[in-house]
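Visitor: fold the following, please.
(one chain, ligands or ions: 1)
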Amino acid sequence: MERFLKRWKQYRYRFVPWIALNLKNRSVRSVPKGERDKLASDAHILQTLTHLLSAFHREKTDTDLYSPRKPSIMQSAASQNLALMKEVMGFTVERSTSSIPGGGRGVKVTAGSVPEGAVTSLYPGLIYEQYEPILFQSLGNPFIFRCIDSVLIDGNDKGIAKFLYRSCHGRDRVGPYIVCDDTWLTDWPLNPLAVGQYVNNHNKENPANVSYQEFDVPADFVFHLRQYLPNNYYSSCLDRLDQHQRLTRLVALVATREIQCGEELFSSYFTVVH
Ligand SMILES: C[S@@+](CC[C@H](N)C(=O)[O-])C[C@H]1O[C@@H](n2cnc3c(N)ncnc32)[C@H](O)[C@@H]1O
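Guide: The predicted model follows:
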C-alpha cells in the first residue's frame, strides 16, 4: 500500500480531466527529476525562439491591435510567418484533423522534417500559480495543462478561458506595446508554434514523438519579441512590482525523434518523475 501511494504521488498528469476518464489509455513517460528531464537545453530553446521571433518582427506587417484586425490582413501575416518558420527552422507544423478516429483536432508536420531535439510547438494559454483560483475555468475543460511544478496553463481557445486570456492581454499592454500574443485564439496564429494545445495523446498505433518541456523565458528577453509569446499570467502586474521583470513560463513540445512531413505529433499526457 505504501509503495502504491508513493508511485501515485509521483505521477504528473498533464491533462487531469481527460486522463481520469481514460485510464485504459494510460502509458507513462518516465523521467528523472530536474535538468535530466530536458531533451533540449534551455539555451537551445532560447536561441530557437529568438531567431524565429526576430524573423517575424523584421518582416512584420501592420497587425497592431489599435488598427482593426481585418481577417485578410491577419491571414496573410500568419501565412508569411509560417513561411518564415520554414526558412528559419526547416519545417512547419499546423493544426489539422487528427488521424485518430474521434480524436478531433491534432497537429501535423506540413513541410520539411523535424530533427530530434527541435522545438516543434509551444503550449499557449493563461498561466496560473498553484494557489490561484481556476475551478470555474477548469469545469469540462480538457486544455488545462499541469507543469512539473504544478503551475497550470489554460490553453482553451473558447469560453471563459478565451475571455480571460484576452482581458489579461489587454490589461498588460505597456503603452502601445503588446507583451504577449493572443492570435493563437484565432484561425490565424501569428506565431505558428502556438498550436501545442492541440497535440493528442499517443496510443498503441501512434507512439509519442514529442515531449513537454517547461522553459522560463528570462526577464531580460528582448522586449519587443514578447508580443509573439503565447502565454501570459492570470495574476495582475499590480500584484507584482514589475510584471516585465519576471520570468515567463512556456511549455515547449520537443521532438523525441526525427519527424517526417505528413506525420502527426503525439505526446504523452502522463509523466512520472523519479
Ligand atoms: C488537449 S486536447 C487536444 C486537442 C483535441 N484533440 C481537440 O480537438 O481540441 C485533449 C483532448 O483531445 C482528445 N484526445 C487526446 N488524445 C486522444 C486520443 N489518443 N484519442 C482520442 N482522443 C484524444 C480528448 O478529447 C482530450 O480531452
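Visitor: who's in contact with the helix or strand hosting S72?
Guide: S72 belongs to helix 71-89 when assigned by DSSP states H and E. Residues from elsewhere that reach helix 71-89, judged by C-beta atoms under 8 Å, 6 or more residues apart in numbering: 48, 51-52, 55-56, 59-63, 91-92, 94, 111-112, 118, 183, 186-193. Quick note: C-beta positions are derived from backbone N, CA and C, even for glycine.
Visitor: mind giving me the PyMOL command for buried ones among these?
Guide: Per 16 or more other C-beta atoms under 10 Å, the buried members of the contacts of helix 71-89 correspond to this PyMOL selection:
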select buried, resi 48+52+55+56+60+63+91+92+94+112+118+183+188+189+190+191+192+193
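Visitor: tell me which of the contacts of helix 71-89 fall in strands.
Guide: With strands taken from DSSP state E, the overlap with the contacts of helix 71-89 comprises 91-92, 94, 111-112.
Visitor: which two among the residues you listed are spaced furthest apart?
Guide: E94 and G112 (12.1 Å; C-beta to C-beta).
Visitor: does the strand or helix carrying L250 reach the ligand?
Guide: Using DSSP H and E, L250 maps to strand 248-255. No: residues of strand 248-255 contacting the ligand under C-beta under 6 Å from any ligand atom: none, with a closest distance of 11.5 Å.
Visitor: can you name the residues of the stretch 51-200 of the chain that neighbour the ligand?
Guide: Residues of the stretch 51-200 of the chain lying close to the ligand (C-beta under 6 Å from any ligand atom) are 98, 100, 102-106, 142-143, 197-198, 200.
Visitor: among the residues you listed, which one lies nearest to Y128?
Guide: For these, the minimum distance to Y128 (C-beta to C-beta) is 12.4 Å, reached by F143.
Visitor: surely the closest one meets Q197?
Guide: Yes: using C-beta atoms under 8 Å, F143 makes contact with Q197 at a distance of 5.5 Å.
Visitor: and these two? Which one has more around it.
Guide: Q197 (26 against 21; other C-beta atoms under 10 Å).
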